[in-house]
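A.B. asks: here is my input, please return the structure:
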Amino acid sequence: PVSSDETFTVGATKTKATINIDAVSGFAYEYTLEINGKSLKKYMENRSKTTNTWILNLDGIDCRIVLEKDTMDVWCNGEKMETAGEFVEDGTETHFTIGEHDCCIKAVSSGKRREGIIHTLIIDDKEIPEAAE
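C.D. replies: Purely as a prediction, here's the structure:
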């Protein structure tokens with residue numbers, strides 16, 4: 001049986017992705033996609049625990065804003081944003097701008113251990129709902 005794999009990188013962070021091609025029977029092949037050595041499903045589950053994602057339209061442009069919770073890095077459409085963090089009374093605020101818009105991600109403890117920290121994106125004083133991915 002023939003099997004092969006093709007490895008490449010995706011995104012600004014150069015994440016390692018591999019397509020595994022396995023011959024199942026005759027001319028039938030099974031394709032699986034792994035990202036950083038994990039199945040796509042596992043990677044997405046893990047990613048949703050380590051990131052927050054918001055999708056919105058600003059000035060007619062679709063923006064996908066991603067917060068990496070472990071590093072507090074903020075990305076907009078795959079571009080790392082310049083941020084300024086500050087401690088406030090009830091948590092932290094990470095400030096950045098997109099075009100003419102003032103953006104802030106507030107991190108506040110939920111007070112519940114299982115929920116941990118709640119991250120809220122505020123743009124021009126309006127709260128943006130998180131994207132369900």
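A.B. asks: which helices and strands sit right next to the longest strand belonging to the chain?
C.D. replies: Taking DSSP state E as the criterion, the chain has its longest strand at strand 15-25. Under the contact definition 3 or more Cβ pairs under 8 Å, 6 or more residues apart in numbering; DSSP states H and E, strand 15-25 sits against strand 3-10, strand 28-35. Using the backbone N, CA and C atoms, a C-beta is placed for each residue, glycine as well.
A.B. asks: low-confidence stretches in this protein?
C.D. replies: Counting by pLDDT under 70, the ranges of the chain that qualify are 1-2, 133.
A.B. asks: what number of residues lie near the closest residue to residue 82 other than its chain neighbours?
C.D. replies: Distances taken as Cβ to Cβ, 6 or more residues apart in numbering place residue 96 nearest to residue 82, at 6.4 Å, with adjacent residues excluded. By other Cβ atoms under 10 Å, 18 other residues sit near residue 96.
A.B. asks: please apply the same query to residue 104.
C.D. replies: Neighbour tally, residue 104, other Cβ under 10 Å: 19.
A.B. asks: which residues sit in contact with it?
C.D. replies: 93-96, 121-123 (Cβ atoms under 8 Å, 6 or more residues apart in numbering).
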